[in-house]
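A.B. asks: Give me the fold of what follows.
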Amino acid sequence: MKAKLTFWLVFGLSVALGALIWIGSRRFTGNVEPWDPPGYYWHIGLLVAGFIPALLSPQRFWLWPLGVLLGQVIIFVPGVIQGPPAPLWPLGIVFLVVYSIVAFVGSFLGWASRRLFGRMLVSSELHHDA
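C.D. replies: Just a heads-up that it's a prediction; the model follows:
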């Protein structure tokens, strides 16, 4: 039961982080779409959004980027529906899917960090107790 609760909490976190990338874009970059501004806002956001959930729950690290993608789609689609005509919206969906690779890299780094530092923590506790 606890594992199922943890799964849904971390998946919800990954969805929220994906949505926050879009919500924060206008505030931090002045652009509605996070891929529009120069710089690496979107890339860093995706990396961090994949990293944090995997650090918290590394067992299913490969699922968290899907939550990040879902969070972005949840914000993107209503903007397309309610906004002015946007004939390139299918390209936007392709961007979201392709750039999910960046969230996957972040998730992999979170998993690897948890493995590495988890081992170091266990090892230091063993040496400390001796």
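
A.B. asks: This structure: helices as residue ranges?
C.D. replies: Ranges of helices within the chain are 2-29, 41-56, 64-82, 89-98, 100-129, based on DSSP state H.

A.B. asks: quick one: contacts for the nearest residue to Phe95 once chain neighbours are set aside?
C.D. replies: Here the nearest residue to Phe95 in space, its sequence neighbours aside, is Trp35; by CB to CB, 6 or more residues apart in numbering that works out to 6.0 Å. Any C-beta I mention is one placed from the backbone N, CA and C, and that applies to glycine too. Listed by CB atoms under 8 Å, 6 or more residues apart in numbering, the contact set of Trp35 reads 42, 95, 99.

A.B. asks: The most centrally placed residue in the chain - nearest residue in space that isn't next to it in sequence?
C.D. replies: Closest residue to the average C-alpha location of the chain: Ala49 at 2.8 Å, with CA atoms, centre = their mean. For Ala49, ignoring the flanking residues on the chain, the nearest one in space by CB to CB, 6+ apart is Leu17 at 3.8 Å.

A.B. asks: quick one, what contacts that neighbour?
C.D. replies: Applying CB under 8 Å, 6+ apart to Leu17 gives the contacts 48-49, 52-53, 67-68, 71.
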